[in-house]
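S.K.: A structural model of the following input is requested.
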Amino acid sequence: MSTVVAERTARSYTETRMLLCGDCGRLSRAGSACCWRCGEDSLAPISPVGEIYAFTNVCAEGDSFLLALVELTCGKLVTARIVDDGGELRIGLPVVLETGSSLETPASGLHFSPLAAT
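M.R.: Residues are numbered from 1 along each chain as shown. The predicted model follows:
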């Protein structure tokens with residue numbers, strides 16, 4: 001049996017665009033002074049990298065999009081759209097938060113794309 005190893009690129013994903021509240025566990029956008037849910041200021045930056053935990057293709061009114069449950073490296077699960085999947089979406093696929101994703105309104109939501117493999 002052969003083993004296939006996917007390596008992550010050398011690119012650093014230290015630019016965090018999400019913060020995790022230490023009191024209530026909610027995510028807030030980077031730059032927030034306090035948690036939008038509980039108002040506490042115990043926000044800590046978290047990595048924008050995670051992996052696909054589960055996914056489905058949502059079809060509505062002639063349009064379709066990929067919706068996934070993404071497990072972040074901190075262990076939190078978030079619901080997000082997957083963009084530019086390249087046709088290789090699978091459970092365990094490493095993904096990264098897209099620039100411009102928003103936690104501010106449910107309509108804009110989070111968008112992840114596959115993390116490039118070398």
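S.K.: Going by C-alpha atoms from here, please, whenever you check contacts or count neighbours.
M.R.: Noted.
S.K.: Give me the nearest residue to residue 84, chain neighbours excluded.
M.R.: Residue nearest to residue 84 in three dimensions, not counting chain neighbours: residue 113, with 6.0 Å by C-alpha to C-alpha, 6 or more residues apart in numbering.
S.K.: Name the SS class of residue 88, please.
M.R.: Using DSSP: H, G, I helix; E, B strand; the rest coil, the secondary structure recorded for residue 88 is coil.
S.K.: What's the local residue count around it?
M.R.: Other residues near residue 88 number 8, with proximity taken as other C-alpha atoms under 10 Å.
S.K.: Distance of it relative to residue 36?
M.R.: Summarising the geometry, the distance separating residue 88 from residue 36, computed by C-alpha to C-alpha, to the nearest Å, is 35 Å.
S.K.: Then residue 87?
M.R.: Residue 87 sits 36 Å away from residue 36, going by C-alpha to C-alpha.
S.K.: Those two - which one has more neighbours?
M.R.: Higher neighbour count among residue 87 and residue 36: residue 36, with 16 against 6, using other C-alpha under 10 Å.
S.K.: and the residue lying closest to that one once chain neighbours are set aside, what pLDDT?
M.R.: For residue 36, ignoring the flanking residues on the chain, the nearest one in space by C-alpha to C-alpha, 6+ apart is residue 28 at 6.6 Å. Residue 28 is assigned 81 on the pLDDT scale.
S.K.: and if you look at the one 5 residues further on?
M.R.: The score at residue 33 is 85. That number is its pLDDT.
S.K.: so what's it up against?
M.R.: Applying C-alpha atoms under 8 Å, 6 or more residues apart in numbering to residue 33 gives the contacts 41, 43.
S.K.: Any chance of the backbone angles for it?
M.R.: When quoted as degrees, to the nearest 10, the phi and psi of residue 33 stand at phi -90, psi -30.
S.K.: follow-up on the earlier one: run through the bridge partners of the residue nearest to residue 84.
M.R.: Each beta-bridge partner of residue 113 is listed here: residue 96, as defined by DSSP bridges.
S.K.: still on that earlier bit, run through the bridge partners of the residue nearest to residue 36.
M.R.: Beta-bridge pairing of residue 28, defined through DSSP bridges, involves residue 19.
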